[in-house]
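S.K.: need coordinates for the following:
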Amino acid sequence: MHHYVIVNAFSDRVLAGNPVAVFFDCDDLEPEIMQRIAAEMRLSESTFVSRPRNGGDAHVRIFTPVNELGFAGHPLLGTALALSFRLQKTTLNIETAKGVFPFTLEDAKLHSDLPVAHVDMLQPSPIIQPYAQAEALLLALGVKHSTLPIEQYDVGPRHVFVGVADMQTLASLNPDQRALAQHENMAALCFCRDGNRWRLRMFSPAYGVVEDAATGSAAGPLALHLARHGWSDYGQSLEIWQGVEMGHPSKMYGMAQKDEGAYRLYAGGHAIQVAQGTYAI
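M.R.: Down below sits the predicted model:
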């Protein structure tokens, strides 16, 4: 039997944000079983917590319904809240396949019926390159052209950014999911400016996700993409909204810093624990 909780990441209320299932005490589970559980949960990601291996507070594995990820934003943000509630700590070092990452919780209410906090995280340094199948991707998305170069940011999941002209274009996107599925091991992220904030939509049949409500691992890379092309400044915290079209509005913050040619990426937002249960395995 394994206890699990559901945490809505990038929101401070129920029925919003992006839910993640967090399973505890998973040292006895084989990866194949974790993958099958993640597929059965039918959330964009589930995480599996086990004892630390490298001096952190916990070791975490992340699974979409179809594959394992070395790093992901909303699952780890949600897991950080669940671990903070379990360990009664507001600073955590979480071990992943991409390394050990620090998490800080602020305004934490860990003794309430619905634990909630604002969580900040450091993200992996990205590998950046032009996306080789840019024209085919535009066709699959139904977008005529991108407002910025179509580039890929690999932070564990591979994020490919496509800029669209305005909010109406973003809201009306209806990608050809079959054509998009031909783009392996990537997520397509369409973005545009919305006043003094940014709006984002993510499509990734390659990761078993038709559309994602909040792609936290893309928050830092989006800030970097905009800064690299002069649309924002390094060190500027950007407010990013996603999931609005799905009825699951999610508020994220992303920031990119540049220091002697090296990039440091950050993301943050609220998380709230909304459910719990026991899985009979």
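
S.K.: from now on I want contacts and neighbour counts done on CA atoms only, so please keep to that.
M.R.: Noted.

S.K.: residues contacting stretch 268-281, please?
M.R.: Defining contact as CA atoms under 8 Å, 6 or more residues apart in numbering, one finds that stretch 268-281 is touched by 1-14, 77-78, 81-82, 114-121, 216, 251-254.

S.K.: restricted to strands, list these.
M.R.: Among the contacts of stretch 268-281, the members falling in strands (DSSP state E) are 2-9, 116-121, 251-254.

S.K.: out of the residues you listed, which are buried?
M.R.: Buried subset of the ones in strands among the contacts of stretch 268-281 (neighbour count, 16 or more other CA atoms under 10 Å): 4-9, 116-121, 251-254.

S.K.: which residue is the nearest non-sequential neighbour of L92?
M.R.: Spatially, and ignoring its direct neighbours in sequence, L92 is nearest to F103 (5.1 Å; CA to CA, 6 or more residues apart in numbering).

S.K.: A helix includes L139, no?
M.R.: Yes. With DSSP: H, G, I helix; E, B strand; the rest coil as the criterion, L139 is assigned to a helix.

S.K.: okay, now it: neighbour count?
M.R.: 15 (other CA atoms under 10 Å).

S.K.: helices along this structure, start to end?
M.R.: 31-41, 73-87, 134-141, 167-171, 177-180, 219-228 (DSSP state H).

S.K.: possible to save the ones you listed as a markdown table with mean pLDDT and distance to R197?
M.R.: Output for the helices of the chain, formatted as a markdown table (pLDDT from 0 to 100; distance: least, CA to CA, whole Å):
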| stretch | mean pLDDT | distance to R197 |
| --- | --- | --- |
| helix 31-41 | 98 | 32 |
| helix 73-87 | 97 | 19 |
| helix 134-141 | 98 | 23 |
| helix 167-171 | 98 | 12 |
| helix 177-180 | 98 | 27 |
| helix 219-228 | 98 | 11 |
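
S.K.: with F24 as the reference, name the closest of those.
M.R.: helix 73-87 (9.1 Å; CA to CA).

S.K.: what does the closest one contact?
M.R.: 5, 7-10, 18-22, 45-47, 62, 89-92, 94, 103, 105, 110-111, 115-117, 119-121, 214-218, 267-268, 271-273.
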